[in-house]
Structure formats: structure tokens, C-alpha cells
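Novice: Kindly return the folded structure for what I paste below:
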Amino acid sequence: MEKEVRKLSIHDLEEKIKNANRCIESSRLRVTVLKFERNPYIAEYTKRKANGICCDCKQPAPFISKLTNEPFLETHHIVPLAQGGADTIENTVALCPNCHRKRHYG
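Specialist: Purely as a prediction, here's the structure:
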């Protein structure tokens with residue numbers, strides 16, 4: 001359905017919203033997720049080595065994390081774990097959120 005929605009014009013979207021049943025409430029969905037167990041030392045090492053700079057765009061991290069009070073970067077696996085990549089220093093880079101999304105969806 002998301003693919004079809006993306007094909008609609010802005011006018012069509014406005015009409016769909018206007019004609020939608022306003023009584024419809026959001027529903028919850030139960031989702032089961034499988035995650036890879038990762039080595040937290042590797043993720044931390046990779047981010048520290050980046051020294052607050054994204055490895056792709058070479059810009060400073062976009063903000064300071066409230067949790068850690070450090071520049072916010074995300075650890076990305078060059079060869080995804082799901083494709084057999086290893087959870088190693090050599091297979092990880094520290095990226096800003098935009099570059100991380102770009103690696104996955106760009």
C-alpha cells in the first residue's frame with residue numbers, strides 16, 4: 001500500500017485525508033524481530049576512532065547525545081551481518097544518521 005500512496009499527487013493525498021473516517025484510531029501491531037548480538041566494544045571503538053566526524057561526509061556529528069554527552073554517530077557494518085559480514089573493527093565505520101540512512105536506502 002505504501003508504494004501506491006507514494007504515487008498519489010498532493011491533491012489526491014489531501015482528498016484522501018479529507019474523506020478518511022476521522023473515527024479511525026491507530027492500532028497496535030505485535031512485531032517479532034530477530035537481532036544480531038553485537039560486540040559493544042567494537043561499536044564504541046569505531047565511534048571513538050572517528051573522533052566525532054562522520055566517515056562518509058567528513059562533517060562533525062550533527063548533535064551531542066543526551067545519553068552519553070558525546071557526538072552522536074552510528075556504527076555501520078560495511079558488509080551487513082545479515083549477509084555474512086563480521087562484527088569486527090575492519091567491517092565497521094562511524095556515520096552520522098543521514099549518511100547511515102543513505103548507506104541503507106540511498
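Novice: Low-confidence bits of the protein, can you list those?
Specialist: 21-25 (pLDDT under 70).
Novice: Okay, strands next: where are they in it?
Specialist: 74-77, 92-95 (DSSP state E).
Novice: tell me the contacts of Tyr41?
Specialist: Contacts for Tyr41 (C-beta atoms under 8 Å, 6 or more residues apart in numbering) come out as none. (Glycine included, C-beta is placed from N, CA and C.)
Novice: Phe72 too?
Specialist: Contacts of Phe72 (C-beta under 8 Å, 6+ apart): Ala61, Pro62, Phe63, Ile64, Ser65, Cys96, Pro97.
Novice: Can you flag the buried ones in those?
Specialist: With burial judged by 16 or more other C-beta atoms under 10 Å, the buried subset of the contacts of Phe72 is Ala61, Cys96.
Novice: and which of the contacts of Phe72 is nearest to Ile78?
Specialist: Cys96 (16.0 Å; C-beta to C-beta).
Novice: Correct me if wrong: that closest one contacts Lys58.
Specialist: No. Judged on C-beta atoms under 8 Å, Cys96 makes no contact with Lys58 at a distance of 9.9 Å.
Novice: how about stretch 80-91: buried residues?
Specialist: Neighbour counts over stretch 80-91 (16+ other C-beta under 10 Å) mark Asn91 as buried.
Novice: no no, stretch 98-106
Specialist: Those would be Cys99, His100, Arg103, for stretch 98-106 by 16+ other C-beta under 10 Å.
Novice: which residue sits closest to Asp56, ignoring its sequence neighbours?
Specialist: For Asp56, ignoring the flanking residues on the chain, the nearest one in space by C-beta to C-beta, 6 or more residues apart in numbering is Cys99 at 3.9 Å.
Novice: show me the contacts for that neighbour.
Specialist: Cys54, Cys55, Asp56, Cys57.
Novice: Kindly report the same for Val79.
Specialist: Val79 makes contact with Gly85, Ala86, Asn91, according to C-beta under 8 Å, 6+ apart.
Novice: do you know how far it is from Asn91?
Specialist: From Val79 across to Asn91, the span is 6 Å (C-beta to C-beta, to the nearest Å).
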